[in-house]
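Novice: Starting from these lines, generate the structure:
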Amino acid sequence: MMNKLILMVFVICASILPAQAFTVKFSEAELQEKVAKVMPLVKKTSFMAVELTNPIVKLAKDKNQIELQLNVKLEMAGLEKRGYARLTGSLSYQAEDAAFYVTNMQVHEVKIDGIPDFFTPQVIKIAEQVVNSVLDQMPIYKLKDDLTQTMVKAVLETIEVRNKTLFATLKII
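Specialist: Down below sits the predicted model:
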């Protein structure tokens with residue numbers, strides 16, 4: 001009987017007490033600065049080289065995603081072609097190192113002057129590989145040491161873009 005009473009009090013307290021949350025804000029300018037630090041990105045294959053430069057970061061308000069536009073330089077068979085690629089990705093939180101990362105970047109548009117459509121899928125694949133291999137490993141924000149212990153048990157609850165600022169809310173579990 002006593003165990004049931006203790007369990008019932010615990011359940012009532014858990015449902016009444018609000019869950020703790022912590023919100024981190026990222027402006028477009030802050031994200032731009034972090035991404036610009038890792039440029040240029042270069043990937044070479046046996047038949048082509050792709051260089052990605054001059055990132056422009058935008059926050060996609062309606063999708064709560066991060067958009068990245070990059071200049072693309074393609075070198076193939078002694079020819080140099082230029083254009084751009086537009087990618088979108090999302091923000092993720094890694095509790096192990098209490099840090100935020102831009103992940104799952106996918107190319108939505110690529111335009112390179114003078115290349116046959118045949119090569120576009122290969123350029124897209126290389127651009128996604130290069131960008132994701134770098135951004136998946138580079139935190140755009142790491143929680144301060146005094147918060148790290150608390151936030152290690154947190155999960156990313158919501159992401160919302162308002163006024164060109166990305167708000168990430170962590171729920172402490």
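
Novice: Residue 96: neighbour count?
Specialist: By other C-beta atoms under 10 Å, the residues close to residue 96 number 6. From N, CA and C alone the C-beta is placed, and that goes for glycine too.

Novice: Quick one: mean pLDDT over the strand ranked longest in the chain.
Specialist: In the chain, ranked by residue count with DSSP state E as the criterion, the top strand is strand 79-94. Average pLDDT, strand 79-94: 88.

Novice: Check stretch 159-173 too.
Specialist: Mean predicted lDDT for stretch 159-173 stands at 81.

Novice: Just the terminal-to-terminal distance for that stretch.
Specialist: This stretch, stretch 159-173, spans 17 Å end to end (C-alpha to C-alpha, to the nearest Å).

Novice: Need the nearest residue in space to residue 115, chain neighbours excluded.
Specialist: Excluding its sequence neighbours, the residue lying closest to residue 115 (C-beta to C-beta, 6 or more residues apart in numbering) is residue 81, at 5.3 Å.

Novice: same check, this time on residue 44
Specialist: residue 50 (7.9 Å).

Novice: which strands and helices sit next to the helix or strand harbouring that neighbour?
Specialist: Assessed by DSSP states H and E, residue 50 sits inside strand 49-60. In terms of contacts (3 or more C-beta pairs under 8 Å, 6 or more residues apart in numbering; DSSP states H and E), strand 49-60 is packed against helix 28-36, strand 41-44, strand 65-76, helix 120-135.
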